[in-house]
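**Q** model this:
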Amino acid sequence: MTGQLFIVVGPSGVGKDTLLDAALVGCRNVRRVRRVVTRPASAGGEDIVSVTTDEFSRMQARGDFALSWDAHGLSYGISNEIDAMLSAGQSVVFNGSRTELDIAKKTYPDLKILSIEADHDILRGRLIARGRETLDDIEQRLERAKIGVPTGPNVVRILNNGSLDQAVSEVIIALTQPVRNA
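**A** Residues are numbered from 1 along each chain as shown. Predicted coordinates for the structure are as follows:
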């Protein structure tokens, strides 16, 4: 028996971590894998495995990552522990990158994609409120938010403009029921 792999993608500030944190309380059959990131844990936000750039490079050279990518001047990795988890029948979810979807889909053909979306002005307000980036960084993240939205039969699009409860309900459905066509 093989578990299901889910990737949650969307622009910075869309609420991926907030939605996952809330949804996984109601989805005990799905385990979240923490990302390895070259950002100090003290920067706030999601629960990450914080490493230096040199540590990340060593981990990557050893083959410690099932997937890895660079964005916003940082490096991100998903531990290859997900392969053992999936083989054991455990369903797994992680916060990923829209720019790496093609590689992720080639590596994991049955990957289910949860595309979290929100309007531009809402993204701007959330990025400013979290206080983690400079205004220039925020503008760069908003520009990157224009990257295309994934489509296809394994994609669930979730609009996170309004009620947190509504968006969380949609994430729970996506993690517990067969994927509906986008």
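**Q** residues in contact with the worst-scoring helix or strand of the chain on mean pLDDT?
**A** In the chain, the helix or strand scored least confidently by mean pLDDT, DSSP states H and E is helix 135-144, which has a mean of 84. Helix 135-144 is contacted by residues Pro11, Ser12, Gly13, Ala71, His72, His120, Leu123, Arg124, Leu127, Ile128, Glu133 when judged by Cβ atoms under 8 Å, 6 or more residues apart in numbering. C-betas here are computed from N, CA, C, even on glycine.
**Q** show me what secondary structure element comes after that helix.
**A** strand 155-159 (DSSP states H and E).
**Q** and that following strand, which strands flank it?
**A** Strand 155-159 sits in its sheet next to strand 112-117 (parallel), going by DSSP bridges.
**Q** what's in contact with the strand it pairs with?
**A** When contacts are defined by Cβ under 8 Å, 6+ apart, strand 112-117 is touched by residues 4-11, 14-16, 19, 93, 98, 101, 149-150, 152, 154-160, 167, 171, 174-175, 179, 182.
**Q** quick check on these: which are buried?
**A** By neighbour count, with 16 or more other Cβ atoms under 10 Å, the contacts of strand 112-117 hold 4-11, 14-16, 19, 93, 98, 101, 150, 154-158, 160, 167, 171, 174-175, 179 as buried.
**Q** tell me where the chain has helices.
**A** 16-25, 53-62, 81-87, 101-107, 120-130, 135-144, 164-176 (DSSP state H).
**Q** to Val33, which of those helices lies closest?
**A** helix 81-87 (5.7 Å; Cβ to Cβ).
**Q** pull out the buried positions in the closest one.
**A** Ile82, Met85, Leu86.
**Q** ditto for stretch 119-127
**A** Ile122, Leu123, Arg124, Arg126, Leu127.
**Q** now swap in stretch 109-122 and tell me
**A** Leu111, Lys112, Ile113, Leu114, Ser115, Ile116, Glu117, Ala118, Ile122.
**Q** and the least confident of the contacts of helix 135-144?
**A** The member of the contacts of helix 135-144 with the lowest pLDDT is His72, and it reads 78.
**Q** would you agree that one is in contact with Ser12?
**A** Yes: counting by Cβ atoms under 8 Å, Ser12 is a contact partner of His72 at 7.4 Å.
**Q** the more surrounded of those two?
**A** When neighbours are counted by other Cβ atoms under 10 Å, His72 and Ser12 differ, and Ser12 comes out ahead with 21 against 13.
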